[in-house]
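**Q** Structure, please.
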Amino acid sequence: MKILITGSYGQLGNALTDILEKGASEIGSIPESYKHADVTAVDVDTLDITNFQAVHDFVMETFLPDIQGEDEPGIIINCAAMTNVDACETNFETAMKVNVIGPRNLAIAASSVGAKFVHVSTDYVFAGDADKPYCEWDTPNPATIYGKTKALSEKYVRESCAESFVVRTSWLYGYEGNNFVKTMIELGKEKDQIKVVSDQVGNPTHAYDLAHHIFKIAATEEYGIYHCTGEGICSWYDFAKEILRLSGSKCEVVPCTTEEFPRPAPRPAYSAMENLMLVSSVGNEMRGWQEALVSYFEHTK
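**A** From the prediction side, this is the model:
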């Protein structure tokens with residue numbers, strides 16, 4: 001089996017490649033079909049996914065030489081994205097190219113070589129004004145440029161590659177790259193008190209838990225949209241308090257409102273999602289957000 005991972009420098013890309021090397025995540029083993037996978041991990045310095053011809057040529061070169069006689073179809077996993085939500089508000093063209101055109105190019109290329117395609121999406125495709133967790137059947141209604149580009153990318157991916165999986169996640173953190181957990185740990189070392197919004201709630205998600213389930217999903221032919229987030233709902237304030245508690249910091253976390261910290265792009269007040277497709281298909285092994293966070297600290301000591 002051949003696997004191409006784009007956006008490999010990010011926290012999810014790193015988690016995917018690490019799990020493939022080990023054959024298991026913190027949750028457990030991944031399917032045996034990945035045991036001898038031929039993995040190509042790239043980022044923007046190797047492949048510009050916004051360039052259609054470059055993507056076509058790279059995918060052809062990667063998959064076609066040995067495609068005959070392969071027992072398992074190849075898999076392309078797209079982790080590349082412009083995730084700076086505020087920057088997307090003022091850099092429309094870049095956001096469109098990276099978040100929409102790039103995934104479309106990859107999906108078309110995947111279809112041309114008979115590979116499965118996994119596209120990672122976000123809770124920002126929803127408006128964030130719900131009063132219960134979003135399910136996969138809920139209609140996207142994004143309120144930001146970032147959310148709009150990701151929602152459009154989902155549409156193009158599903159239209160361009162029949163054998164595709166769209167995996168939505170939220171509040172992602174991992175061992176590599178920048179994220180909320182690392183930011184809180186550093187602030188906890190520097191400050192005696194920090195303010196964190198308490199009126200935005202969602203699902204913190206460990207990158208390794210997401211990666212584990214991506215491998216489970218991609219080993220099947222159960223194509224479609226999946227939600228894949230940590231179990232349990234909390235606010236950023238709750239999340240920050242638990243991070244600082246586990247880090248041993250004495251820094252005080254003070255709740256505040258979204259209005260006290262205005263941002264160019266509106267943040268969803270309620271973006272929790274339910275992993276209903278996981279439960280209904282490959283099984284939901286996503287850990288509770290507190291349990292996953294404890295594991296994160298155990299693995300970073």
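**Q** The top helix by length along the chain - contacts with which helices or strands?
**A** If you go by DSSP state H, the chain has its longest helix at helix 145-160. Helices and strands touching helix 145-160, by 3 or more C-beta pairs under 8 Å, 6 or more residues apart in numbering; DSSP states H and E, are helix 85-90, helix 92-96, helix 102-113, strand 116-122, strand 164-169. Every C-beta, even on glycine, is put in place using the N, C-alpha and C of the backbone.
**Q** Format these as TSV; extra columns: mean neighbour count, distance to G147 and mean pLDDT.
**A** Below are the helices and strands packed on helix 145-160 laid out as TSV (neighbours: other C-beta atoms under 10 Å; distance: least, C-beta to C-beta, whole Å; pLDDT from 0 to 100):
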stretch	mean neighbour count	distance to G147	mean pLDDT
helix 85-90	17	8	96
helix 92-96	16	10	97
helix 102-113	24	15	97
strand 116-122	26	7	98
strand 164-169	24	11	98
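**Q** Between the ones you listed, which one is closest to A54.
**A** helix 102-113 (8.4 Å; C-beta to C-beta).
**Q** quick one: contacts of the closest one?
**A** Residues outside helix 102-113 that contact it (C-beta atoms under 8 Å, 6 or more residues apart in numbering) are 6, 49-52, 55-56, 58-60, 63-64, 67, 74, 76, 78, 80, 116-117, 119, 153, 156-157, 160-164.
**Q** go on, stretch 18-28?
**A** 3, 15, 29-30, 34-35, 37, 39, 206, 208-209, 211-212, 215, 285, 287, 295, 299.
**Q** Kindly recompute the last result at 7 Å.
**A** 29-30, 34-35, 37, 39, 208-209, 211-212, 215, 285, 287, 295 (C-beta atoms under 7 Å, 6 or more residues apart in numbering).
**Q** Quick one: mean pLDDT over that stretch.
**A** Per-residue pLDDT over stretch 18-28 has a mean of 96.
**Q** could you dump that stretch to CSV, C-alpha only?
**A** Extracted as CSV, the C-alpha positions of stretch 18-28 are listed here (Å, rounded to 0.1, in the frame of the first residue of the first chain):
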residue,chain,number,x,y,z
ASP,A,18,4.7,8.5,13.8
ILE,A,19,1.8,6.1,14.1
LEU,A,20,2.7,4.5,10.8
GLU,A,21,6.3,4.0,11.9
LYS,A,22,5.2,2.4,15.2
GLY,A,23,2.1,0.5,14.0
ALA,A,24,0.1,1.8,16.9
SER,A,25,-1.2,5.0,18.5
GLU,A,26,-1.7,5.7,22.2
ILE,A,27,-5.2,4.1,21.8
GLY,A,28,-3.9,0.9,20.3
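**Q** Any buried residues in that stretch, and which?
**A** D18, I19, L20, S25, E26, I27 (16 or more other C-beta atoms under 10 Å).
**Q** dump the residue contacts of T220.
**A** By C-beta under 7 Å, 6+ apart, the neighbours of T220 are V282.
**Q** Doesn't it lie inside a strand?
**A** No. According to DSSP: H, G, I helix; E, B strand; the rest coil, T220 belongs to no strand; its state is coil.
**Q** before we move on, the earlier item: need the buried ones from the contacts of helix 102-113 selected in ChimeraX.
**A** Typed into ChimeraX, the line below selects the buried ones among these, using 16+ other C-beta under 10 Å:
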select :6,49,50,52,55,56,58,59,63,74,76,78,80,116,117,119,153,156,157,160,161,163,164
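**Q** do you know which of the helices and strands packed on helix 145-160 lies nearest T149?
**A** helix 92-96 (4.9 Å).
**Q** helices or strands up against the closest one?
**A** helix 145-160 (3 or more C-beta pairs under 7 Å, 6 or more residues apart in numbering; DSSP states H and E).
**Q** Distance from stretch 105-113 to the middle of the chain?
**A** The chain centroid and the centroid of stretch 105-113 are separated by 20 Å under C-alpha atoms, centre = their mean, to the nearest Å.
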